[in-house]
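> what follows is a predicted structure for the sequence shown.
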Protein chains: 2
Amino acid sequence: MKALVLFSGGLDSTVCLAKAVKEYGADEVLALSVYYGQKHKKELEASEKIAAYYGVKRLELDLGEIFKESTCSLLEGSPEEIPHGDYAEQLVGKDGAPVSTYVPFRNGLFISSAAAVAISHGCSEVYYGIHADDAAGNAYPDTSSLFNKAISDAVYIGSGNAVKVVAPFVEAGKEKVVEEGIRLGVPFKLTWSCYEGEEKACGRCGTCLDRKKAFAMNGIKDPIEYMHDA
Amino acid sequence: MKALVLFSGGLDSTVCLAKAVKEYGADEVLALSVYYGQKHKKELEASEKIAAYYGVKRLELDLGEIFKESTCSLLEGSPEEIPHGDYAEQLVGKDGAPVSTYVPFRNGLFISSAAAVAISHGCSEVYYGIHADDAAGNAYPDTSSLFNKAISDAVYIGSGNAVKVVAPFVEAGKEKVVEEGIRLGVPFKLTWSCYEGEEKACGRCGTCLDRKKAFAMNGIKDPIEYMHDA
């Protein structure tokens, strides 16, 4: 195969998947989803449906053990509640520390896992969907362009120049991800971004707020339903 | 805790462990060992004994799933035999590709896993025992100083400046690792380096040859027994 896509079933990684499929065709694309101890399986269920929609092979890794001592609010067993409000609000008073939904070095771990799997499957590219809004204010330090440069170098050098990391949206805001998704005809309705695991997306966690804003900036309504649509 | 040491139970990582224990004391050091699908458990058994010797807490991760499609000759189910002879011989005719005992992006994956675990345990340093002999000729591309620089930057940036990677021997030959081990009184007899999983070390795989040479350069005999001592 040609490209491996780190694929959560969220909006950003779905647009990455669509880009890779357009570039190489579904038969040359491998989707890699990861269970890491998150409180719900809605994303993973979404990733299965979307992989089937595109007709790409999908693998799922279980890396939950690595995070079992973490207190990140996204994880099962964490004493912390998932916060409401946007990332800028959540960063107030944090003194440069990441938000409570930061999963320790998750992107570094996922890209490294993806690189290992990519080599075994002959894939020479690993796509992932980080974008600049997540990096703003260092909310998620493992989504910055500096981080991307370093991990891309590490993967390229450490794989013996066999694997390149592709981060199409690293310099872009989420509205650009939606714009590209519209252009590619992405089935947004199948994606799941919300940090909560209710029947509908909550509409008030950091990622719901960011997502709604990105659709609004493109002048269209997000086709998924929200519990709180303020 | 202060420092996490990536700890295979081999010579290099044992000297790293000894350094971290000397620096911070056993109570501040966490040893992390990884099962990744290797053909034998001799190293992991050694790592348990050595962790007990030093009185450090030891965790073991199972990342075997990530490598299950790899044909690396160190892995269970691989059709390839572990080669005899030193790395320089093994690289002949490989056109810049790594040796057959290169596990795909293993060090990148292990350091990323270690960074994630380190953050959860409050460790601000991750030690690992790469050295320049393994990087020579690009036998193991994930042991070079360029790789180390990139992955160290990725960990530091991606952890929100919380974790530094420490690679004490990245510029040194294995003889320096042994020299430091002698100085620190490392129980070399408890370590296991050989790629084969027989009762005694084989004495003719790449790592056995490298190890014997490193002891010889220090003017002492390796205290472990070898099946082939040519």
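Arrived safely, thanks for sending.
> for residue A:49, which non-adjacent residue is spatially closest?
residue A:190 (5.2 Å; CB to CB, 6 or more residues apart in numbering or on different chains). C-beta coordinates here come from the backbone N, C-alpha and C atoms, glycine included.
> the one you found contacts residue A:48, correct?
No. Assessed by CB atoms under 8 Å, residue A:190 is found out of contact with residue A:48, at 9.8 Å.
> so who does the residue nearest to residue A:49 touch?
A:14, A:46, A:49-50, A:53 (CB atoms under 8 Å, 6 or more residues apart in numbering or on different chains).
> ok, 7 Å please
Shown in contact with residue A:190 (CB atoms under 7 Å, 6 or more residues apart in numbering or on different chains): A:46, A:49-50, A:53.
> repeat for residue A:18
Contacts of residue A:18 by CB under 7 Å, 6+ apart are A:181, A:184, A:186.
> helix, strand, or coil at the last one?
What DSSP: H, G, I helix; E, B strand; the rest coil gives for residue A:186 is coil.
> what helix or strand is the spatially closest residue to it that is not a sequence neighbour on?
With sequence-adjacent residues excluded and distances taken as CB to CB, 6+ apart, residue A:186 is closest to residue A:18, at 5.0 Å. According to DSSP states H and E, residue A:18 maps onto helix A:11-24.
> same question, residue A:48
helix A:42-54.
> and the following helix or strand past that helix, what's buried?
Going down the chain from helix A:42-54, the next helix or strand is strand A:57-62, by DSSP H and E. Buried residues in strand A:57-62, counted by 16 or more other CB atoms under 10 Å in any protein chain shown: A:58-59, A:61.
> kindly report the same for stretch A:149-168.
With the criterion 16+ other CB under 10 Å, stretch A:149-168 contains buried residues A:149-160, A:162-168.
> and what of stretch A:106-126?
Buried-residue list, stretch A:106-126, by 16+ other CB under 10 Å: A:106-121, A:123, A:125-126.
> any residue of stretch A:153-162 touching chain B?
Yes. Stretch A:153-162 reaches chain B (CB under 7 Å from any CB of the partner chain) through A:153-155, A:157-160.
> got the end-to-end distance for that stretch?
End-to-end span of stretch A:153-162 (CA to CA, to the nearest Å): 12 Å.
> and for stretch A:153-171?
Per CA to CA, the first residue of stretch A:153-171 is 17 Å away from its last.
> so how far is that stretch from its chain's centroid?
Mean-position distance between stretch A:153-171 and its chain equals 17 Å (CA atoms, centre = their mean, to the nearest Å).
> now stretch A:183-190
16 Å.
> what about chain A, any weak spots by pLDDT?
The model of chain A has pLDDT under 70 over residues A:230.
> try 90
For chain A, the stretches flagged by pLDDT under 90 are A:77-81, A:85, A:87-97, A:135-138, A:229-230.
> all strands for chain A, in order.
With strands called from DSSP state E, chain A shows them at A:3-6, A:29-35, A:57-62, A:125-127, A:164-166.
> which residues sit against the first one?
Meaning strand A:3-6. Contacts for strand A:3-6 (CB under 7 Å, 6+ apart): A:13, A:16-17, A:20, A:24, A:28-32, A:110-111, A:114, A:117-118, A:121, A:123, A:125-128.
> go again with 8 Å.
Counting by CB under 8 Å, 6+ apart, A:13, A:16-17, A:20, A:23-24, A:28-32, A:34, A:56, A:110-111, A:114, A:117-118, A:121, A:123-129, A:166 sit against strand A:3-6.
> quick one: residue A:61 from chain B, how far?
6 Å (CB to the nearest CB, to the nearest Å).
> identify the residue nearest that residue in space, chain neighbours excluded?
residue A:34 (4.9 Å).
> what about residue A:28, neighbour count?
Using other CB atoms under 10 Å in any protein chain shown, residue A:28 is surrounded by 17 other residues.
> hmm, I typed the wrong one, I wanted residue A:52.
When neighbours are counted by other CB under 10 Å, residue A:52 registers 11.
> how about the helices in chain A?
A:11-24, A:42-54, A:87-90, A:106-120, A:132-135, A:145-158, A:174-184, A:206-217 (DSSP state H).
> need these in TSV with distance to residue B:226, can you?
TSV is the format used below for these (distance: least, CB to CB, whole Å):
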stretch	distance to residue B:226
helix A:11-24	49
helix A:42-54	48
helix A:87-90	58
helix A:106-120	31
helix A:132-135	52
helix A:145-158	31
helix A:174-184	57
helix A:206-217	57
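> and of those helices, who's closest to residue A:69?
Among the helices of chain A, the nearest to residue A:69 by CB to CB is helix A:106-120 (14.3 Å).
> do the closest one and chain B meet at all?
Yes. Contact of helix A:106-120 with chain B (CB under 8 Å from any CB of the partner chain) involves A:106-109, A:111-113, A:115-117, A:119-120.
> and of these, the nearest to residue A:136?
Looking across these and measuring by CB to CB, the closest to residue A:136 is residue A:107, at 15.5 Å.
> contact partners for the residue nearest to the closest one when sequence neighbours are not counted?
Leaving aside its sequence neighbours, residue A:107 sits nearest to residue A:142 (CB to CB, 6+ apart; 3.9 Å). Residues near residue A:142 by CB under 8 Å, 6+ apart: A:102, A:105-108, A:130, B:157-159.
> recalculate using a threshold of 10 Å.
By CB atoms under 10 Å, 6 or more residues apart in numbering or on different chains, the residues touching residue A:142 are A:98, A:102-111, A:130, A:134-135, A:148, A:151, B:112, B:115, B:154-155, B:157-160.
> go on, residue A:36?
Counted by CB under 10 Å, 6+ apart, residue A:36 has contacts A:8, A:61-68, A:70, A:72, A:74-76, A:103-104, A:106, A:109-110, B:116.
> over to residue A:115?
With CB under 10 Å, 6+ apart, residue A:115 has these contacts: A:4, A:123, A:126, A:151, A:154-156, A:158-159, A:162-165, B:66, B:104-105, B:108-109, B:112, B:142.
> likewise residue A:79?
Applying CB under 10 Å, 6+ apart, we find residue A:79 in contact with A:71, A:73.
> can you report phi and psi for it?
phi -80, psi -10 (degrees, to the nearest 10).
> what's the answer for the one 3 residues further on, then?
In terms of degrees, to the nearest 10, the main-chain angles of residue A:82 are phi -70, psi 120.
> thought residue A:132 was touching residue A:174?
Yes. Assessed by CB atoms under 10 Å, residue A:132 is found in contact with residue A:174 at 8.3 Å.
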